[in-house]
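> I would like the atomic coordinates for the input below:
(one chain, ligands or ions: 1)
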Amino acid sequence: MQLAMHMVTIEDLMPREHFLRKLEAALDLSFVYEETAPFYSKKYGRPAIDPVVIVKYLLVGFLYGIPSERQIERRVQTDIALRWYLGLDLFDRVPDHSTVSQLRRRKPSFRKVFRRLFEEVVGQCIEKGLVSGRVVGADSTHVRANASRASEGLVEVAEEAGVYWERLDDYEEEGLEELERRTGKRRKKRTKQIKRDNRRTHKRVSRTDPESGHLKRPGKPEGPHYLAHQAVDSDYGIIVGQTVTAGDVNDSVPFLGLIEHIHENIVPIQAATADAAYDFPLAHRALGELGIGFFVRPQKTAARMSVQFTRDDFCRDENRDVYLCPIGKELCLRRLARSASGLFWEYQADKRDCALCPLREKCLRESDKRGARKVSVSYFAADRQRNLERRSSPEYREALKLRQVWCEGSFSAQKREHNLARVLRRGLEAAEDHCLLSATALNLKRMIKHAG
Ligand code: SF4
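Numbering: from 1, shown residues only. Next comes the predicted model:
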């Protein structure tokens, strides 16, 4: 039993060198009043909880890895440092977890505060010289959704045209002009025809969180997940971009949008680095056009051929603009093909050559049997090759190493200490808020450490 009586204030009890003191001095949250002013009535209702207190309440949860609002409330009740940071005195009532929870649920616009908070912190890091854009690494990690595998069922959905579909229009137009120059024949544009394709596909969808996606990747847990896609500046590991998709979305889908957004609005990027999942031909061209170097781990071409002769068995003859097959017959440029994922030059052998060929069993696929062998080459192959030619250079290798250290290191720290392992709320927007708060917490720690 405590018998002594002390005359102290919470200010006296708060250690001088505590992280939250440094954070309070460094982070100005006054913008929260500006962002949330439309949500509060000055005339009606009971006095509201200060919106800055709500933001700090959630932020400490992510800074100290406290997974739920109920647990944050309990921690604040007994932790003097957290009380001090929230501006509560020793006997002040801690905001109820359900009030904070309901506010987030009923006022969806409140979420823009989290995006602004993330951007404000990144802005401060730039001002303090912690971000240069010299090398920015991109990667994604899976975040468990608040749904079970048992809630998933197969659903038929329309196949999407592909996120880069619109971008390919301009390149296709440019390519068709080049095709005309190289072959002397103008081909009809196929864009609209493919867009009208009404193909259906099946995918696993969770009934409890339909916006999550079924994750199925080697070495990863299977089931409903989200993917947090992050871009990290490699000077001090500050996360400069963050977006979230369903767990069944390919890593390449949000990549160009994320890099372009950072380059145009946050910090000019000199070079981007990524793992093999981001090695898609369009990325090499699009980043090159922005003046961004691209250091990517080359993707191994999967041996999906059902026949013995692969594209590597066909030799390129630049002067004649043809490919030569293993018996020396020419494959001439026929057309510019387009799929959801890219544009391809299509070279084709002469039907008469293939019909008489003794090697046709090793060369013709089922789909080629009535015709002739085709070889497809990406429209952006030259851009990719230019980038990959430098892959043994020290600069290239250094960039790949930086990606591994900062991207994978950040995910690991966030999962261990900043609640990134799973989301508690359902829906894509709630998942994005969650991942933004986790990224902000890590950025704040790194900012205080390196500039504080
Ligand atoms: S099948 Fe056609 S392309 Fe293949 S080796 Fe024979 S002639 Fe050449």
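
> which residue sits closest to the residue of the stretch 51-200 of the chain found nearest the ligand, ignoring its sequence neighbours?
Using Cβ to the nearest ligand atom, residue 183 is the residue of the stretch 51-200 of the chain that sits closest to the ligand, at 19.0 Å. The C-beta positions use only the backbone N, C-alpha and C, and glycine is treated the same way. Closest residue to residue 183 in three dimensions, ignoring its sequence neighbours and counting by Cβ to Cβ, 6 or more residues apart in numbering: residue 333, at 5.7 Å.

> picking that back up, please work out how many residues are found near the residue of the stretch 51-200 of the chain closest to the ligand.
For residue 183, the tally of surrounding residues (other Cβ atoms under 10 Å) stands at 15.

> which bits of the stretch 351-452 of the chain sit near the ligand?
The stretch 351-452 of the chain comes close to the ligand at residues 353-354, 357, 359-360, 363-364, 372-373, as judged by Cβ under 6 Å from any ligand atom.

> repeat that for 5 Å
Counting by Cβ under 5 Å from any ligand atom, the stretch 351-452 of the chain comes close to the ligand at 353-354, 357, 359-360, 363, 373.

> Now list the buried members of those residues.
Among those, those scoring as buried are 353-354, 357, 360, 363, 373 (criterion: 16 or more other Cβ atoms under 10 Å).

> Looking at these, which is nearest residue 34?
Ranking those by separation from residue 34, with Cβ to Cβ as the measure, puts residue 373 on top at 64.3 Å.

> residues touching the closest one, list them.
Neighbour list for residue 373: 309, 325, 331, 348-349, 354, 363-364 [criterion: Cβ atoms under 8 Å, 6 or more residues apart in numbering].

> Identify the farthest-apart pair in those.
Based on Cβ to Cβ, the longest span within the contacts of residue 373 runs between 309 and 348 and measures 14.5 Å.

> out of these two, which sits in the busier spot?
A direct count of neighbours by other Cβ under 10 Å for residue 309 and residue 348 places residue 348 higher, at 20 against 17.

> ok but the more buried one is inside a strand, no?
Yes. Membership of residue 348 in a strand is supported by DSSP: H, G, I helix; E, B strand; the rest coil.

> Output the set of residues of this protein in proximity to the ligand.
Near the ligand, when you scan the chain using Cβ under 5 Å from any ligand atom, you find 325-327, 329, 349, 353-354, 357, 359-360, 363, 373.

> how's this structure carved up into domains?
Annotated domains of the chain cover 10-106, 131-159+199-295+391-428, 183-198+299-385 [automatic domain parsing].

> and the end-to-end length of the first one?
The first and final residues of domain 10-106 sit 33 Å from each other (Cα to Cα, to the nearest Å).

> now it: mean pLDDT?
Throughout domain 10-106, pLDDT has a mean value of 90.
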